[in-house]
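Peer 1: What would the 3D arrangement of this be:
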Amino acid sequence: MMGENRESPPVRAARPLRLAVSGLLILIPVVLSLAVPLYQRSGPALIGIPFFYWFQMSMAICTAIATSTAYRLLYSGDTDEAEAAA
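Peer 2: Sure, this is the predicted structure:
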């Protein structure tokens with residue numbers, strides 16, 4: 001109904017330690033990817049691939065893993081609204 005006021009479910013606050021660890025997990029691969037002098041070279045090669053390329057690809061994979069881990073740290077134990085309503 002139009003005038004009905006529905007209360008939203010309470011939002012669980014993330015613990016400060018989990019929030020700090022999640023931020024650090026995401027920050028490390030991002031900072032390593034932005035540190036150009038670290039990987040601005042061609043050697044050592046891995047299976048014929050220059051260091052620059054395989055380092056960037058490994059940082060992309062590490063960033064995906066870190067983001068997934070941070071998400072799981074922050075939202076573990078939360079139920080979906082659809083599950084809670086059922």
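
Peer 1: out of everything not next to it in sequence, what's closest to Leu19?
Peer 2: Using C-beta to C-beta, 6 or more residues apart in numbering and skipping the chain neighbours, the partner closest in space to Leu19 is Leu74 (7.1 Å). Every residue, glycine included, has its C-beta placed from N, CA and C.

Peer 1: In which helix or strand does that neighbour reside?
Peer 2: Secondary structure from DSSP states H and E places Leu74 in helix 51-75.

Peer 1: The residue nearest to Leu19: neighbouring residues, count only.
Peer 2: 16 (other C-beta atoms under 10 Å).

Peer 1: again with Ile49
Peer 2: Using other C-beta under 10 Å, Ile49 is surrounded by 11 other residues.

Peer 1: Check it and give its pLDDT.
Peer 2: Note on Ile49: pLDDT of 87.

Peer 1: Then the one 3 residues further on?
Peer 2: Per-residue confidence (pLDDT) for Phe52: 86.

Peer 1: lowest confidence element among the helices and strands of the chain?
Peer 2: Least confident element among the helices and strands of the chain, by mean pLDDT, DSSP states H and E: helix 81-85 (a mean of 55).

Peer 1: which residues touch the residue nearest the centre of the chain?
Peer 2: Centroid check for the chain by C-alpha atoms, centre = their mean gives Thr67 as the closest residue, at 1.5 Å. Thr67 makes contact with Leu25, Ile26, according to C-beta atoms under 8 Å, 6 or more residues apart in numbering.

Peer 1: quick one: Ile61 from Ser68, how far?
Peer 2: In this view, Ile61 and Ser68 are 11 Å apart by C-beta to C-beta, to the nearest Å.
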